[in-house]
Every structure is written in C-alpha cells, then in structure tokens.
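Colleague: Requesting a structural model of the entry that follows:
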Amino acid sequence: MVNLVIMRHGEAEPHSSQDSQRQLTAKGRDDVSHMALWLSQHYQAFDLVLCSPFVRAQQTAELMLKAQPATTRLETMPELVPEGDSQQVQLYLDALRTETPELRVLMVSHMPLVSFLVETFTKTGNTPIFETSGLVGIHYQPGEGGKLLERLAPADLALLSH
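Modeller: Predicted coordinates for the structure are as follows:
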C-alpha cells in the first residue's frame, strides 16, 4: 500500500531572478488538478501534505488539497527546496511516523530533490527524472526502507483515460 507520495510541482513560469517566487502556469494548474483528481480516486486520503516554501510548490499543494478531505493538514517544510537534504527529510518523516505509524504523506518539492528523495526512501540507487506534476508512490516503513510501487505523470493520465 502506498503511504508516501513524492510529487514535483506543476509547470511554472520561466526562470527569473527570484526563483522562489515563480508561479504555476495555466497548464501547470491544469496538470496538477488532474493529478489531484486521479490520486483522490485511486489512493486513500492523505493525512499530511509536506511542501516546499517556494510559491509554485505551495500552489501545487493547495490544488492537491482541494481533492483531499478537510482533515488533511498542510505543513511547509524549509528542507523541501531544490537543494534540500533528502536525509533530513527522511529523519523528519521517520519522527512523524514514530508518533503516527499509519501516517499517509504527500510531499511536494522540486527537481533535483524529488529524485534524491526517491533514492533515500527506497535505497535502490534509482533517482528518476520527474516531469512537472509527476509523482511516485512508495510504501515506506522507517527502519525497513521503502518500495517504489507506482510512477505517474500527467501524460500518463491521458493514456489511461483512453
């Protein structure tokens, strides 16, 4: 069972001098909304959404939350920035799961960190390249590691719907 989803933010405006302030494009919002709907139909509800403080990730998380129950909490995590430390993120999640072992978490972050998070949580040596709005589903247990169960991008949804 997937209990950890790692997601890259939706498509954002072109690079600017203030990378942290870039916003989602219309396509980015649309892709994220489609992913949110799919997740809500195929996965159990999340208890917590951990999100980068960057604007595009916050916007992605807010769109994802619209398809979740009102009880799903949003928490901004400074370590989820592009150059963040995946080991620190794992330690934090392990601490949360010690308190609440059945905790279901969605993380919204950036390349390259999302790739490093997959490797950190699965220990497979696999650091996949994420498309914008792409995600992976992992079954993760602290101390036991994780298993990558699913990988999905917006383009895959179009194929699944035909």
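Colleague: Which stretches in this structure count as helices?
Modeller: Counting by DSSP state H, one finds helices in the chain at the ranges 26-42, 55-65, 86-99, 113-122, 154-160.
Colleague: So residue 44 versus residue 58, what's the distance?
Modeller: 24 Å (Cβ to Cβ, to the nearest Å). For every residue, glycine as well, the C-beta is placed using N, CA and C.
Colleague: Now render the helices of the chain as CSV, adding mean pLDDT.
Modeller: Below are these laid out as CSV (pLDDT from 0 to 100):
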stretch, mean pLDDT
helix 26-42, 96
helix 55-65, 98
helix 86-99, 96
helix 113-122, 96
helix 154-160, 84
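Colleague: So which of those is nearest residue 15?
Modeller: With Cβ to Cβ as the criterion, residue 15 lies closest to helix 55-65 of the helices of the chain, at 11.5 Å.
Colleague: Run the angle between the closest one and helix 26-42 for me.
Modeller: Helix 55-65 runs at 40 degrees relative to helix 26-42, counting by axes from the mean of the first three to the mean of the last three Cα atoms, to 10 degrees.
Colleague: which strands and helices sit next to helix 55-65?
Modeller: Using 3 or more Cβ pairs under 8 Å, 6 or more residues apart in numbering; DSSP states H and E, the elements in contact with helix 55-65 are helix 26-42, strand 48-51, strand 73-76, strand 105-109.
Colleague: Done for today, thanks.
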